[in-house]
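Student: Predicted model and sequence below, questions to follow.
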Amino acid sequence: MTHPMPVFPADFRWGVSTSAYQIEGAAAADGRGPSIWDTFAHSPGRIVDGSTGDEACDHYHRYAEDVALLAGLGVSAYRFSIAWPRVQPTGAGPANQAGLDFYDRLVDELLGHGVDPVATLFHWDLPQALEDAGGWLNRDTATRFAEYADLVAARLGDRVKLWITLNEPFIHMSLGHGMGVHAPGRMLLFDAFPVAHHQLLGHGLAVSALRARGSSPVAIANNYSPVRLAGGTDADRAAGAAYDALHNRLFTDPLLGLGYPEEPGFDPALVRDGDLDVIAAPIDVLGVNYYNPTGIRAAEEGSPLPFEIVPLDGYPRTAFDWPVVPDGLRDLLLQLRDRYGAALPPIQVTESGCAYDDVPDADGRVADPERIAYLAGHLRAVHEAIAAGVEVTGYFVWSLLDNWEWAEGFTKRFGLVHVDYATQRRTPKSSYAWFRDQVIRP
Ligand code: FCB
């Protein structure tokens, strides 16, 4: 099936995203210390297929091959993350230069192929030693994070084209500390709020640390999920507002200078004088990670939550069982513009993608027409938002490679490139060729 596509601005940033623990492997190489994800993955019963990221895609050793794949794709940017435990194996102290050497090589390889390095400083792999001291529940972790940001900027600040402080602090709080399905596996429900505040504080301190080294532009990558109400009562609408405040506003309101929304109702004693100013330090780009909207209705009497999450019917679904709703991305982008107005910086979609059970055929080819349809729909949604006046300046596909998908282990394939984990053989899927043709327009 062909997908007629609109034309994007000539300077639109086309990219793909990955993260360190999901692709690098080499878990003990060159002095890397353990992170909470090593600990979690090695705990029985945490990962559906019992796998770990010990080897993952072995990108640590195969990065040159992977950069060649990026170059073949024609993208102008590559979003990767830096593993904090490679830089500070115990989360404190001087930089482990051998760990930074890897990113130094990667950045030079990217630049040599005309690809802008976009570096995320924290994609969930907290050094285990910091977790042992309380992790993000401990305010001190915010200070540690800024020190780490400074060490990375000192080494790479002259070449990274966009810094992203945190990846999806909402998901790290909710799945990692609220529900216990991600590392570090805490089940605190609403008592996980300190993790929100301390991540945001760490973000703000890191923005200052980066700028003090002349390293910019700076962004954060938030996960967003627009609410789709599953009922029309006042109680449904109140439930929708409560979920929206938690998922979509808890991090973005304070980042853009509005302070915390009232709805989630967390302990204001956490917030010290001056914290909100630190958090609202100006950013240059807002990173938007979007996968799907969330269906919400009023909770049953006696529920511990002020909303109930319900499946969204009537949409195609990915192998993750996530509904495919491209319009949700357009709605979200318009909603951000309407909600934040002049306070909203330019947006880049820093993650968008889908998992399918992609299998090579007898000739070794991997056809993934569902992914092509998914990307076409979501790119059209971005274009509609641009046409409606929202400043969206880039789009990154999640992900370059099939990789280790957190608690789902190797069972979910998100790549434009298929990876045979037994041999580490990379095979571009049909979506790779399709995406290349969007990037390189005649
Ligand atoms: C996002 C994560 C990313 C990947 C995708 C599928 O929430 O940032 O690492 O797991 O989901």
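Tutor: That came through fine.

Student: Tell me how far the residue minimising distance to the centre of the chain lies from the ligand.
Tutor: Nearest to the mean C-alpha position of the chain, by C-alpha atoms, centre = their mean, lies Asn167 at 4.4 Å. Separation of Asn167 from the ligand (C-beta to the nearest ligand atom, to the nearest Å) stands at 5 Å. In this view, the C-beta of every residue, glycine as well, is placed from N, C-alpha and C.

Student: In the helix or strand containing Arg426, which of the residues would be classed as buried?
Tutor: Following DSSP states H and E, one finds Arg426 within strand 425-428. Neighbour counts over strand 425-428 (16 or more other C-beta atoms under 10 Å) mark Arg426, Thr427, Pro428 as buried.

Student: do the same with stretch 24-34
Tutor: Residues of stretch 24-34 classed as buried: Glu24, Gly25, Ala26, Ala27, Arg32, Gly33, Pro34 (neighbour count, 16+ other C-beta under 10 Å).

Student: And stretch 86-99, by the same measure?
Tutor: For stretch 86-99, by 16+ other C-beta under 10 Å, it's Arg86, Val87, Gln88, Pro89, Gly91, Ala95, Asn96, Gly99.

Student: Tell me the residues on this protein that lie near the ligand, please.
Tutor: Neighbours of the ligand within the chain, by C-beta under 6 Å from any ligand atom: Ser19, Gln22, Asn167, Glu168, Ile171, Asn223, Asn289, Glu351, Trp398, Glu405, Trp406, Phe414.

Student: ok, 8 Å please
Tutor: Counting by C-beta under 8 Å from any ligand atom, the chain comes close to the ligand at 17, 19, 22, 123-124, 167-168, 171, 221, 223, 289, 291, 320, 351, 353, 355, 398-399, 405-406, 412, 414.

Student: where does Asn222 fall, helix, sheet strand or coil?
Tutor: The assignment at Asn222 comes out as strand when based on DSSP: H, G, I helix; E, B strand; the rest coil.

Student: show me what contacts it?
Tutor: Taking C-beta atoms under 8 Å, 6 or more residues apart in numbering, we find Asn222 in contact with Glu168, Pro169, Phe170, Phe251, Thr252, Leu286, Gly287, Val288, Asn289.

Student: neighbours around the residue nearest to the third one when sequence neighbours are not counted, how many?
Tutor: In other words, Phe170. Nearest-residue entry for Phe170: Asn223, 5.3 Å, with adjacent residues in sequence omitted and distances by C-beta to C-beta, 6 or more residues apart in numbering. Other residues lying near Asn223 total 21 when counted by other C-beta atoms under 10 Å.

Student: For His418, see how far away Asn223 is.
Tutor: Distance, Asn223 to His418, using C-beta to C-beta, to the nearest Å: 26 Å.

Student: Next: Met187.
Tutor: Using C-beta to C-beta, Met187 is found at 35 Å from His418.

Student: Looking at the two now, which is surrounded by more residues?
Tutor: Taking other C-beta under 10 Å, Met187 and His418 do not tie; His418 has more neighbours (21 against 11).

Student: what kind of secondary structure is the more buried one in?
Tutor: Of the three states, His418 takes strand according to three-state DSSP.

Student: Confirm for me that it is in contact with Ser430.
Tutor: No. Counting by C-beta atoms under 8 Å, His418 sits too far from Ser430 to count as a contact (10.3 Å).

Student: So for these two, which residues contact both of them?
Tutor: Listed as contacting both His418 and Ser430 by C-beta under 8 Å, 6+ apart are Val366.

Student: before we move on, back to that, can you add distance to Tyr260 and give the buried residues of strand 425-428 back as CSV?
Tutor: Below are the buried residues of strand 425-428 laid out as CSV (distance: C-beta to C-beta, whole Å):
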residue, distance to Tyr260
Arg426, 44
Thr427, 47
Pro428, 44
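
Student: mind putting those in TSV, pLDDT and distance to Asp11 included?
Tutor: Listed next are these as TSV, based on pLDDT from 0 to 100; distance: C-beta to C-beta, whole Å:
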residue	pLDDT	distance to Asp11
Arg426	98	30
Thr427	98	32
Pro428	98	26
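
Student: Show me what counts as buried in stretch 369-380.
Tutor: Buried residues in stretch 369-380, defined by neighbour count with 16+ other C-beta under 10 Å: Glu370, Arg371, Ile372, Ala373, Tyr374, Leu375, Ala376, Gly377, His378, Leu379, Arg380.

Student: Reformat those residues as JSON lines; add pLDDT and secondary structure.
Tutor: Below are these laid out as JSON lines (pLDDT from 0 to 100; DSSP: H, G, I helix; E, B strand; the rest coil):
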{"residue": "Glu370", "pLDDT": "98", "secondary structure": "helix"}
{"residue": "Arg371", "pLDDT": "98", "secondary structure": "helix"}
{"residue": "Ile372", "pLDDT": "98", "secondary structure": "helix"}
{"residue": "Ala373", "pLDDT": "98", "secondary structure": "helix"}
{"residue": "Tyr374", "pLDDT": "98", "secondary structure": "helix"}
{"residue": "Leu375", "pLDDT": "98", "secondary structure": "helix"}
{"residue": "Ala376", "pLDDT": "98", "secondary structure": "helix"}
{"residue": "Gly377", "pLDDT": "98", "secondary structure": "helix"}
{"residue": "His378", "pLDDT": "98", "secondary structure": "helix"}
{"residue": "Leu379", "pLDDT": "98", "secondary structure": "helix"}
{"residue": "Arg380", "pLDDT": "98", "secondary structure": "helix"}
